[in-house]
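Q: Need a 3D model of the following:
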Amino acid sequence: MKSILFLCTGNSCRSQMAEGWGKSLLGSNYSVYSAGTKKHGLNELAVKVMDEVGIDISSHYSKTLDDLKDVNFDVIFTVCSNAHETCPVFPGGKISHVGFDDPPYLAKTVDSEEAILLIYRRVRDEIKAFVESIPSTVDTLGVN
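A: Have a look, this model is predicted:
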């Protein structure tokens, strides 16, 4: 079984959604985790838009790499530029960057709840499409 980590800055939104999709879509071939370079707490709107598609991430919690220090990751996907730039070395793990827009940041530019939710839903769906491609991405990275 391959171990995958989705790494972001705060482990509050994008990496949490990716973990939720990974656990839902990748089946028993992968162990899926998420973490941040810091703990920002779980984003309530991320929970809401994932629940809309039948994935419950409400029991997730914000973690850092220290919380997962005993896990050997085969692949680390950085989902934001900051995490990619500050990503530590993972012995034996392949690191790949796939950036997604930051919904909380973009939400500051709009003033209606529906417009905010549209941002979260778009990023959620983009993350889903990426997670669905992970088996071929892992093969391309040469992970055994």
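
Q: When you work out contacts or count neighbours from here on, use the C-alpha atoms and nothing else.
A: Fine.

Q: Residue 101 against residue 121, yeah?
A: No: assessed by C-alpha atoms under 8 Å, residue 101 is found out of contact with residue 121, at 11.4 Å.

Q: the more surrounded of these two?
A: residue 121 (20 against 16; other C-alpha atoms under 10 Å).

Q: any chance you could map the strands in this structure?
A: All strands of the chain, identified by DSSP state E, fall at 2-8, 30-36, 75-78, 94-97.

Q: Which one, of those, ends up nearest to residue 64?
A: Evaluated with C-alpha to C-alpha, the strands of the chain place strand 30-36 nearest to residue 64, the distance being 4.8 Å.

Q: so for the closest one, what's the average pLDDT?
A: For strand 30-36, mean pLDDT is 94.

Q: Now do that strand against strand 2-8: the angle between them, please.
A: Angle, strand 30-36 to strand 2-8, by axes from the mean of the first three to the mean of the last three C-alpha atoms, to 10 degrees: 20 degrees.

Q: So which residues make contact with strand 30-36?
A: Residues from elsewhere that reach strand 30-36 (C-alpha atoms under 8 Å, 6 or more residues apart in numbering): 1-12, 15-16, 18-19, 22-23, 62-65, 68, 83.
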